[in-house]
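> A structural model of the following input is requested.
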Amino acid sequence: MDILNKVSLKNYTTIKIGGKSSKIYFPESLEDLDLLKTNISSKKTIILGNGSNIAFKDSGYENDIISLKHFKKPIRFIDECHINSMVGVSCARFAKFCFKNKIPGFEFIHGIPGSLGGAIAMNAGAFGDEIWNHIYSVSCVLFDGSIKIYKNNNIKKSYRYVDRSKIKMFLDVTFNIDKHLKFNKLLLSKYSIKRSKSQPIKQWSSGCIFKNPSANVAASSLIDSANLSKERVGGIYVSRKHCNYLINDGTGTCHDLEGLISFIRNKIKTKYNVTLDREICIY
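Numbers count the residues shown, from 1 in each chain. Predicted structure coming up:
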C-alpha cells in the first residue's frame, strides 16, 4: 500500500484546485483497508474516488485521505439478473462494460464524471434517471471499520442525497439487470453526443455545482436567466456551455471558486428568493 505525504491535491480533483495533503493512503485490497480501520473511523478522514464533485481549500487538508485509485476494480456477473462492481470503477467504464455486453439501463451514467462510489454517495443522475433506481445492494465500511451489506430499501435516499450517517465508504455495488428493457445500440452514443453538446466535458470542472431547486426548476436556468453566465472570479468562470458548471482556466484557486459560488447564490437569492444548495463538497 502506497502512502504519500505533502502532495498537491490539485492532482486528485477534476477541477484541479487545492493545497497540499497531509497523508494519502492508497489501499489495493480489503487487507489494506483492514489496516486502515483506525483512519477510516475518523470523521475527518476523506474517502476519495476520481475526485469529481470535490474541491480542497488552498491551505490544503491536514487530515487523512484514503484514495481508491489503486484498489482492484473488477466487474462481474453474479447471475442473469445482477451485476457487481467495485465502487472505484469509473461510471464511464461501467457503462461501456454494460454496452459491450448488451445490458440496457446504464447508458445514462456514461458521462457522469467520477467513479461509481461518488455517484452512489450522492445519488447521481442524468437524463431523468438516478443511479439508485438500479441498485440491488451495496457493501459498505461503517465508521467502526466493520463491513455491512445494505439492500436498496434499507438506505434512505432522495434527489442528490443518500443517508450515510452510519456509512464511511462504499466498497462494492450490485445492480439489478432489468430483463424487461430492450438493448438500444444507439442510446449510448446518443447520450454522449447530447452531453458533449451541452456540457464542458473536456474542461477542468467538478461537474454540476448546485442542486436543482426542484424537479421543475433547474439551477442552470436560474443562473442563465439572472444574466450570470459570463461571471468570473479570478481563474474560475461560469461555463458557456452549461452555467451550472464552473470552469478552472488553469489559474483558479479554491478562494476563487468559493467567491463565485457565493456571488451566484446571493444573486439568485435576491432575484428569485431561491437558495441554491451546493452539490460540490469543499474541504
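> mind listing the helices in this protein by residue range?
Taking DSSP state H as the criterion, the chain contains helices spanning 30-35, 37-41, 91-100, 116-122, 187-198, 219-225, 254-272.
> In a markdown table: the ones you listed, plus mean pLDDT, distance to residue 60 and mean neighbour count.
Backbone N, C-alpha and C define where each C-beta goes, glycine included. Below are the helices of the chain laid out as a markdown table (pLDDT from 0 to 100; distance: least, C-beta to C-beta, whole Å; neighbours: other C-beta atoms under 10 Å):
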| stretch | mean pLDDT | distance to residue 60 | mean neighbour count |
| --- | --- | --- | --- |
| helix 30-35 | 89 | 24 | 14 |
| helix 37-41 | 89 | 18 | 15 |
| helix 91-100 | 94 | 28 | 19 |
| helix 116-122 | 92 | 21 | 26 |
| helix 187-198 | 85 | 33 | 14 |
| helix 219-225 | 95 | 29 | 18 |
| helix 254-272 | 97 | 10 | 17 |
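> Could you provide the ones you listed in TSV, with additional columns for distance to residue 132?
Putting those into TSV (distance: least, C-beta to C-beta, whole Å) gives the following:
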stretch	distance to residue 132
helix 30-35	24
helix 37-41	23
helix 91-100	14
helix 116-122	7
helix 187-198	19
helix 219-225	21
helix 254-272	26
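> who wins for proximity to residue 233 among the ones you listed?
Each of the helices of the chain has some distance to residue 233 by C-beta to C-beta; the shortest is helix 254-272, at 4.1 Å.
> Against which helices or strands is the closest one packed?
helix 219-225, strand 232-233, strand 236-238, strand 246-248, strand 281-282 (3 or more C-beta pairs under 8 Å, 6 or more residues apart in numbering; DSSP states H and E).
> In CSV: those, plus distance to residue 161.
Converted to CSV, those look like this (distance: least, C-beta to C-beta, whole Å):
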stretch, distance to residue 161
helix 219-225, 15
strand 232-233, 28
strand 236-238, 25
strand 246-248, 21
strand 281-282, 13
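> Tell me which of the helices of the chain sits nearest to residue 147.
Smallest distance to residue 147 across these (C-beta to C-beta): 8.1 Å, for helix 30-35.
> Let's see stretch 174-185 as CSV, backbone CA atoms only.
Listed next in CSV are the C-alpha coordinates belonging to stretch 174-185 (Å, rounded to 0.1, in the frame of the first residue of the first chain):
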residue,chain,number,x,y,z
THR,A,174,-24.7,-4.9,-7.0
PHE,A,175,-27.0,-3.7,-9.7
ASN,A,176,-30.3,-5.1,-11.0
ILE,A,177,-30.3,-6.1,-14.6
ASP,A,178,-33.8,-5.2,-15.9
LYS,A,179,-34.8,-8.0,-18.2
HIS,A,180,-37.8,-6.0,-19.5
LEU,A,181,-35.6,-3.3,-21.1
LYS,A,182,-34.6,-3.7,-24.7
PHE,A,183,-31.0,-3.0,-25.6
ASN,A,184,-30.6,0.0,-27.9
LYS,A,185,-27.2,0.1,-29.5
